[in-house]
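# Sharing a model that was predicted from the sequence below.
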Amino acid sequence: MIRILLAEDDQVMREYLTRALERSGYAVSAVDRGTAAIPLLETERFDLLLTDIVMPEMDGIELAQRCAEIAPDTRVMFITGFAAVTLKAGRTMPEARVLSKPFHLRDLVLEIDRMFEIERMSGGK
């Protein structure tokens, strides 16, 4: 089962995404800020970091950079409602995917499925 670490400061969005992703067959651990994600990255294995970019304390870009140091095999997907931030994320973490809000849940699940399609087809992860 693919394990996702979700970092989203908006409680309603976090709960909504967690439920939807779990219904789609993913294991989800959710935190309300980037600083809360670091200890989990250090102690658990995740296949994907799904993070909002604009958050208090530590933004999603900084979190993704820390994730790359702590768990380099963890893939990253940003979710954001700010176009300018999307550009910064793309420059800072070119290998990461960026999904702009508002998005349809089906699009999020399809994007995650695409990221892990090869592993699923080969029986990995």
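Cool, the structure landed.
# Nearest the geometric middle of this protein, what residue?
residue 50 (0.7 Å; Cα atoms, centre = their mean).
# in its sheet, what does the one helix or strand that one maps to sit against?
Residue 50 belongs to strand 48-52 when assigned by DSSP states H and E. Sheet pairing of strand 48-52 (DSSP bridges) gives strand 3-7 (parallel), strand 75-80 (parallel).
# just checking, what packs against the helix or strand following that strand?
Next along the chain after strand 48-52, taking DSSP H and E as the criterion, comes helix 60-70. Counting contacts by 3 or more Cβ pairs under 8 Å, 6 or more residues apart in numbering; DSSP states H and E, helix 60-70 is packed against helix 34-43, strand 48-52, strand 75-80, helix 83-92. C-beta: built from backbone N, CA, C; applies to glycine.
# and helix 60-70, which residues are buried?
Residues of helix 60-70 classed as buried by neighbour count (16 or more other Cβ atoms under 10 Å): 60-64, 66-68.
# need those in JSON lines with pLDDT and distance to residue 42, can you?
Formatted as JSON lines, the buried residues of helix 60-70 follow (pLDDT from 0 to 100; distance: Cβ to Cβ, whole Å):
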{"residue": "60", "pLDDT": "93", "distance to residue 42": "18"}
{"residue": "61", "pLDDT": "92", "distance to residue 42": "19"}
{"residue": "62", "pLDDT": "95", "distance to residue 42": "15"}
{"residue": "63", "pLDDT": "96", "distance to residue 42": "13"}
{"residue": "64", "pLDDT": "95", "distance to residue 42": "15"}
{"residue": "66", "pLDDT": "96", "distance to residue 42": "10"}
{"residue": "67", "pLDDT": "97", "distance to residue 42": "10"}
{"residue": "68", "pLDDT": "95", "distance to residue 42": "13"}
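# Thank you kindly, that will do.
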